[in-house]
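Enquirer: A structural model of the following input is requested.
(one chain, ligands or ions: 1)
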Amino acid sequence: MSEPSAPSEPSTRSATGPLPQPATAADPDVVIVGAGPAGLLLGLLLGRLGRRVLLIEREPAPRPGPGNGICPILQPATLGVLGDLGLLPDLVKGTTPVTHGEVIAADTVVAGYSYAELPGAPVDFALPTSIVHLRDVLTEAVLATPGVEIVYEATVHGLPERDGADDGPRGLLLETAEGMRTLRPSLIVGCDGKRSAVRRMAGISSEITEFRRGYLELRVPMPDFWGGVMRAYFTADGYMLGTPIADDQLLFVWITDETTAGRVADGSLAELVERYASGIPGAADWIRAHTRDRKQVREFPHHIVRPERWVAGNVLLVGDSAHGVHVYGGQGLNLSLQDAACLADAVDEALTAGDTAALRRFEAIRMPFISAFQDMQRIHLAALAERSGQQGGGQGVGHLPEFAPLALGQPELRAALAAAGRRPTRNEG
Ligand SMILES: Cc1cc2nc3c(=O)[nH]c(=O)nc-3n(C[C@H](O)[C@H](O)[C@H](O)COP(=O)(O)OP(=O)(O)OC[C@H]3O[C@@H](n4cnc5c(N)ncnc54)[C@H](O)[C@@H]3O)c2cc1C
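Expert: Prediction:
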């Protein structure tokens, strides 16, 4: 399943080195490709630090509304940053905070945790958040920040050498409704997701492992008996996770091996309902009564993405473009937002110093942590697949990632996370 991306040219650029000044007064300090969660948060924080930022998004401008996006769970460490930026009141609207977790095997609660009892947590809950709602809240904050602009429906055609010199800093060839132009900022940041075009255009090769099947979601209305609890169930063929999400819905995620997922997803709705009902006995009747439509069930592929580096010349990768992770452990969005939060200071420092050393320092701290997380995912997904194949397997407790590091973020970065949203705003417009 592993495939190297095909770089347009080999990456020979040094990871540390000078950062150029913007070529003209009209060029921004930083161009961020991708106005997803990581790009928006990075743009917002850099704008607050007084940097001129242009965000480039290939999709049309979002129309506010509930949407039907995925619903990741924001962990306390991430919520701390968003709270410091004043975004929590908007984010919690319409969703149910998760205050507790339970691990259940053979219909028995075998472990439990409470966010309120987690020492050092900036908030005492996790928050299932529609990614569409998160994007809307961040976009509104970005558009209110002087010095930051978003261009929608924009296409990046390449990252040509800025000054025509081999191995020199790159510019960005951009097409918008107004035509083609070349931008020559100090820094180009790829926040364009796991299939990053910036990564490819910068010649950063990457190992991509695809998990095409093995992840199914079922949404049902929220029952009164559930409460603000996330429950993980170990079953004979994987594990299921039940969590309240926005719009009074309950989300059941099933992570299993690709063969089982494929067979069940391609089979009848009745069989699928029974798989969920038998995996989650406490909600079996509710699931049977409230699963009527195939549209309630969705299947997503997931990817583990490992680029050789995150910094190449004046190009930086952030979020999923730097490290797509599998959904196991529910960390992709949290890692991406935490990257952005910690990197804003590093980017600011790099721009002031005129070199990439601060970015490289971040990479040196962060990359081993993320690689270890991805290794853990691979090991446990492989074990899960093996267990699924065994007769009567899965009666014991499987493995879930440790709770505290997921909730609080990477230990070495916790101080930076706590400070990220509290920096005094330099640019008052
Ligand atoms: C089903 C599912 C469930 C998940 N659950 C969780 C969870 O519980 N917890 C968790 O932490 N994470 C979860 N994730 C992962 C999370 O959604 C991602 O890690 C997160 O969205 C990454 O953010 P990002 O900003 O780096 O990239 P993205 O969200 O992919 O945003 C990239 C942006 O760049 C834009 N773009 C792409 N290419 C270009 C281009 N060439 N030019 C211009 N713009 C471009 C895109 O339109 C998009 O706006 C889940 C993912 C899925 C699919």
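
Enquirer: give the other helices and strands that the longest helix along the chain contacts.
Expert: When the chain is parsed with DSSP state H, its longest helix is helix 357-389. Helix 357-389 is packed against strand 238-245, helix 258-266, strand 302-307, strand 311-312, helix 320-323, helix 332-353, with contacts defined by 3 or more CB pairs under 8 Å, 6 or more residues apart in numbering; DSSP states H and E. (Each C-beta comes from the backbone N, C-alpha and C, glycine too.)

Enquirer: what separates the third one from the chain centre, distance-wise?
Expert: Just to be clear, that refers to strand 302-307. On the basis of CA atoms, centre = their mean, to the nearest Å, strand 302-307 sits 12 Å off its chain's mean C-alpha point.

Enquirer: also the first one?
Expert: Between the mean C-alpha point of strand 238-245 and the mean C-alpha point of its chain there is a distance of 18 Å (CA atoms, centre = their mean).

Enquirer: and whatever residue of the stretch 151-300 of the chain ends up closest to the ligand, what does it touch?
Expert: Nearest residue of the stretch 151-300 of the chain to the ligand (CB to the nearest ligand atom) works out as Gly193 at 2.8 Å. The contact partners of Gly193, by CB atoms under 8 Å, 6 or more residues apart in numbering, come to 34, 36, 319-321, 324.

Enquirer: got a pLDDT number for the closest residue to Gly329 other than its chain neighbours?
Expert: Leaving aside its chain neighbours, Gly329 sits nearest to Pro401 (4.2 Å; criterion: CB to CB, 6 or more residues apart in numbering). Looking at Pro401, its pLDDT stands at 73.

Enquirer: and Pro401, how many neighbours?
Expert: As a burial measure, Pro401 scores 14 neighbours (other CB atoms under 10 Å).

Enquirer: from Asn334, how far out is it?
Expert: Relative to Asn334, Pro401 is positioned 12 Å away (CB to CB, to the nearest Å).

Enquirer: sorry, back to before: JSON lines for the helices and strands packed on helix 357-389, including mean pLDDT, mean neighbour count and distance to the ligand?
Expert: Listed next are the helices and strands packed on helix 357-389 as JSON lines, based on pLDDT from 0 to 100; neighbours: other CB atoms under 10 Å; distance: least, CB to the nearest ligand atom, whole Å:
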{"stretch": "strand 238-245", "mean pLDDT": "92", "mean neighbour count": "23", "distance to the ligand": "8"}
{"stretch": "helix 258-266", "mean pLDDT": "88", "mean neighbour count": "17", "distance to the ligand": "13"}
{"stretch": "strand 302-307", "mean pLDDT": "96", "mean neighbour count": "21", "distance to the ligand": "7"}
{"stretch": "strand 311-312", "mean pLDDT": "96", "mean neighbour count": "25", "distance to the ligand": "16"}
{"stretch": "helix 320-323", "mean pLDDT": "98", "mean neighbour count": "29", "distance to the ligand": "4"}
{"stretch": "helix 332-353", "mean pLDDT": "98", "mean neighbour count": "24", "distance to the ligand": "2"}
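
Enquirer: could I get these as TSV with distance to Pro76?
Expert: Output for those, formatted as TSV (distance: least, CB to CB, whole Å):
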stretch	distance to Pro76
strand 238-245	15
helix 258-266	30
strand 302-307	24
strand 311-312	29
helix 320-323	21
helix 332-353	10
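
Enquirer: I'd assumed Ile379 was in contact with the residue nearest to Gly329.
Expert: No. If you go by CB atoms under 8 Å, Pro401 and Ile379 don't touch, sitting 11.0 Å apart.

Enquirer: how many other residues sit next to the closest residue to His323 other than its chain neighbours?
Expert: Distances taken as CB to CB, 6+ apart put Ile370 closest to His323, at 4.6 Å, once the chain neighbours are dropped. Ile370 has 19 neighbours, counted by other CB under 10 Å.

Enquirer: for Ile370, give me the pLDDT.
Expert: Residue-level confidence at Ile370 comes out at 97, pLDDT.

Enquirer: wouldn't it be in contact with Gly329 here?
Expert: No. Assessed by CB under 8 Å, Ile370 is found out of contact with Gly329, at 11.7 Å.

Enquirer: so Ile70: helix, strand or coil?
Expert: Following DSSP: H, G, I helix; E, B strand; the rest coil, Ile70 is assigned to coil.

Enquirer: my bad, should have said Leu127
Expert: Three-state call for Leu127 (three-state DSSP): strand.

Enquirer: next one: Arg184 from Pro28, what distance?
Expert: Distance from Arg184 to Pro28, by CB to CB: 10 Å.

Enquirer: any residues in contact with both of those two?
Expert: Contacts common to Arg184 and Pro28, judged by CB under 8 Å, 6+ apart, are Pro22.

Enquirer: on that earlier part again, residues contacting the residue nearest to Gly329?
Expert: Counting by CB under 8 Å, 6+ apart, the residues that Pro401 touches are 328-329, 331, 373, 376, 380.

Enquirer: hmm, try it at 10 Å
Expert: Pro401 makes contacts with 328-331, 373, 376-377, 380, as judged by CB atoms under 10 Å, 6 or more residues apart in numbering.

Enquirer: ok, now Pro223?
Expert: 244, 248, 250, 282-283, 285-287, 289-290.

Enquirer: export the helix or strand encompassing Leu42 to CSV, keeping only CA atoms.
Expert: Leu42 belongs to helix 37-48 when assigned by DSSP states H and E. Output of helix 37-48 as CSV, limited to C-alpha atoms (Å, rounded to 0.1, in the frame of the first residue of the first chain):
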residue,chain,number,x,y,z
PRO,A,37,-8.0,24.5,9.6
ALA,A,38,-4.1,24.6,9.7
GLY,A,39,-3.8,27.3,7.1
LEU,A,40,-6.5,29.5,8.7
LEU,A,41,-5.1,29.2,12.2
LEU,A,42,-1.5,29.9,11.0
GLY,A,43,-2.7,32.9,9.0
LEU,A,44,-4.7,34.2,11.9
LEU,A,45,-1.8,34.0,14.3
LEU,A,46,0.7,35.5,11.9
GLY,A,47,-1.7,38.3,11.2
ARG,A,48,-1.9,39.0,14.9
